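Participant: Could you look at this predicted model? Sequence included:
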Amino acid sequence: MQQTYAIHVTYRNHVPLHDCGSLDNRKGNRADRQKDGKMKVLVTGAAGFIGFHLSKLLLAEGMQVHGFDAMTDYYDVNLKKRRVQALMQNEGFSITEAYLEQDGAFDKAAKDFEPDIIVHLAGQAGVRYSLENPRAYLDSNITGTFNVMEAARELEVKHLLMASTSSVYGANEEMPFTETEKADTPMTFYAATKKANEAMGHSYAHLWNLPTTMFRFFTVYGPWGRPDMALFKFVDAVLDGRPIDIYNHGDMYRDFTYVEDLVRGIRLLMDAVPIRPATPADIPDGDSLSPVAPYRVVNIGNSDKVRLLDFVDAIEAELGVPAIRNYMDMQKGDVPATWADADLLKALTGYQPATDVKDGIAQFVRWFRDYYGK
Ligand SMILES: NC(=O)c1ccc[n+]([C@@H]2O[C@H](COP(=O)([O-])OP(=O)(O)OC[C@H]3O[C@@H](n4cnc5c(N)ncnc54)[C@H](O)[C@@H]3O)[C@@H](O)[C@H]2O)c1
């Protein structure tokens, strides 16, 4: 049963105006939309892990945020509801509960809200689930993203930012992964849909001069994290005395990115609006900016690859309980390592994620124990 919350937004206090005039390189009625001085950001997937943290950050800056989320049951819906409840404490937040691919639903929400910026994070996530239910990825990530792009085009938003993934680097072996290298060997259907999103985004940026940034996220973790991801599963199992499955016998590497660092990176990239270069010679070295569109791809990662076994050791140390380790072979579609080159993010924003994985695990465990009373 789908439900739409029509929350009327009133302002509790007058926050400093967000300066977005410099972003305005498009025609249209941007100035009208910001009569009250508040930047309006439509965040798809606001009930999700990253969307929740991003919405919190934007609201704390005094922006007006409208979420769009179907509250899918891919994982515990209560966790999503609790995130939304927390966001609802802020009067600048409202949300539409609907599927992206549902006819006209996103279009209506976007036209009612008239965002300056859209950050599209909703989607069917998860590498392994895409072997079981690929159609969910087709519907949410392809059709859903198309509907977001169409609304962004019609509304002439200042900047469309959309989630891709480090999984698009697929079978690439050259590390760390840079945005300017080819990424043409997706190993899962999840990665294939995200790679398709990048291509779709490029075409709209080119055709309609729609400034578009695609993020490639690297294994995000932290408080309010996803129950299908390793940190959550490991902590939960260790505290219950259940064994944990360690793939490829622990010989895997991930560039774990702390969620608050990640959303800080997203926030800063919102201001780094791509501009179509006059000639390819105008593109700085290392910039993934397209020669024919206001479009770029940006890694957001910690730039520090951590061995899975060290990750498990750190969890044990934080919990003070040894894990029962069940060593397994590599899973189909998995890649042995991810590692971000985050120089482009730094060049564009001056910012580099830096939370040490031990500190991030400690923050997660504190939240987990408190939330689940374990
Ligand atoms: N968390 C990571 O490590 C990671 C890494 C790489 C990329 N990503 C991408 O970042 C984005 C956010 O990831 P997350 O970790 O917050 O995942 P999440 O599953 O917690 O959040 C996604 C949200 O989108 C909603 N959603 C899914 N399909 C929808 C649909 N068809 N219509 C409307 N809403 C829908 C879900 O209900 C959920 O709340 C996703 O696109 C994901 O693929 C995440």
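Facilitator: Received the coordinates, thanks. Just so it is clear, the model here is predicted, and its values are computed rather than measured.

Participant: Which positions in the protein make contact with the ligand?
Facilitator: Where the chain comes near the ligand, counting by CB under 6 Å from any ligand atom, the residues are 45, 47-51, 69-72, 80, 99-101, 121-125, 140, 144, 163, 165, 217, 219-220, 226. Any C-beta I mention is one placed from the backbone N, CA and C, and that applies to glycine too.

Participant: So which of those belong to helices?
Facilitator: Those of the residues of the chain next to the ligand mapping onto helices are 49-51, 80, 144, per DSSP state H.

Participant: Closest to Ile300 out of those residues?
Facilitator: Within these, the smallest distance to Ile300 is 10.0 Å, found for Ile50 (CB to CB).

Participant: Not counting its neighbours along the chain, what's nearest the closest one?
Facilitator: Leu121 (5.3 Å; CB to CB, 6 or more residues apart in numbering).

Participant: I figured the one you found hits Ser55, correct?
Facilitator: No: look at Leu121 against Ser55 with CB atoms under 8 Å: they stay out of range, at 9.6 Å.

Participant: joint contacts of the two?
Facilitator: Contact criterion CB atoms under 8 Å, 6 or more residues apart in numbering; residues shared by Leu121 and Ser55: 43, 46.

Participant: what about the two, which has more around it?
Facilitator: Taking neighbours as other CB atoms under 10 Å, Leu121 and Ser55 compare with Ser55 leading, 31 against 27.

Participant: In the helix or strand hosting the more buried one, which residues are buried?
Facilitator: According to DSSP states H and E, Ser55 maps onto helix 49-60. Neighbour-count burial for helix 49-60 flags 49-59 (criterion: 16 or more other CB atoms under 10 Å).

Participant: CSV for these, including pLDDT?
Facilitator: Formatted as CSV, these follow (pLDDT from 0 to 100):
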residue, pLDDT
Phe49, 98
Ile50, 98
Gly51, 98
Phe52, 98
His53, 98
Leu54, 99
Ser55, 98
Lys56, 98
Leu57, 98
Leu58, 98
Leu59, 98
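
Participant: circling back to that earlier point, could you list every helix and strand that the helix holding Ser55 packs against?
Facilitator: strand 40-44, strand 64-69, helix 77-88, helix 259-270 (3 or more CB pairs under 8 Å, 6 or more residues apart in numbering; DSSP states H and E).

Participant: what number of residues lie near Tyr372?
Facilitator: If we define neighbours as other CB under 10 Å, then Tyr372 has 10 of them.

Participant: so what pLDDT did it get?
Facilitator: Note on Tyr372: pLDDT of 97.

Participant: List the contacts of the residue nearest to it when sequence neighbours are not counted.
Facilitator: Spatial nearest neighbour of Tyr372, excluding adjacent residues (CB to CB, 6+ apart): Asp236 at 7.8 Å. Counting by CB under 8 Å, 6+ apart, Asp236 makes contact with 227, 368, 372, 374.

Participant: Ok, His159 next?
Facilitator: His159 touches 23, 116-118, 211-213, 270, 273, counting by CB under 8 Å, 6+ apart.

Participant: and Gln331, how many neighbours?
Facilitator: 13.

Participant: looking at this, it is in a strand?
Facilitator: No: secondary structure of Gln331, determined by DSSP: H, G, I helix; E, B strand; the rest coil: coil, with no strand assignment.

Participant: Phi first, then psi, for it.
Facilitator: As for Gln331, its main-chain torsions (degrees, to the nearest 10) stand at phi -90, psi 150.

Participant: can you tell me which helix in the chain is longest?
Facilitator: The chain, longest helix under DSSP H: helix 189-208.

Participant: can I get the CA coordinates of that helix in CSV?
Facilitator: Coordinates of each C-alpha in helix 189-208 appear next as CSV, following Å, rounded to 0.1, in the frame of the first residue of the first chain:
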residue,chain,number,x,y,z
PHE,A,189,23.7,-6.9,-12.8
TYR,A,190,23.7,-4.3,-10.0
ALA,A,191,26.9,-2.8,-11.4
ALA,A,192,25.5,-3.0,-14.9
THR,A,193,22.4,-1.0,-14.0
LYS,A,194,24.6,1.7,-12.3
LYS,A,195,26.9,1.8,-15.3
ALA,A,196,23.8,2.3,-17.4
ASN,A,197,22.7,5.1,-15.1
GLU,A,198,26.0,6.8,-15.8
ALA,A,199,25.5,6.5,-19.6
MET,A,200,21.9,7.7,-19.2
GLY,A,201,23.0,10.7,-17.2
HIS,A,202,25.6,11.6,-19.7
SER,A,203,23.1,11.6,-22.6
TYR,A,204,20.6,13.9,-20.7
ALA,A,205,23.5,16.2,-19.6
HIS,A,206,24.5,16.5,-23.3
LEU,A,207,21.1,16.8,-24.9
TRP,A,208,19.5,19.2,-22.3
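
Participant: With respect to Leu289, which of the helices and strands packed on helix 49-60 lies nearest?
Facilitator: helix 259-270 (13.0 Å).

Participant: Let me know the angle separating that closest one from strand 40-44.
Facilitator: 130 degrees (axes from the mean of the first three to the mean of the last three CA atoms, to 10 degrees).

Participant: before we move on, the earlier item: then the residue nearest to Tyr372 would be within a strand, right?
Facilitator: No: the assignment for Asp236 by three-state DSSP gives helix, which leaves it out of any strand.

Participant: Would you mind measuring from the residue nearest to Arg83 when sequence neighbours are not counted to Ala272?
Facilitator: Leaving aside its sequence neighbours, Arg83 sits nearest to Phe52 (CB to CB, 6+ apart; 4.1 Å). Remark: distance between Phe52 and Ala272 (CB to CB, to the nearest Å) = 23 Å.

Participant: Cheers, nothing more for now.
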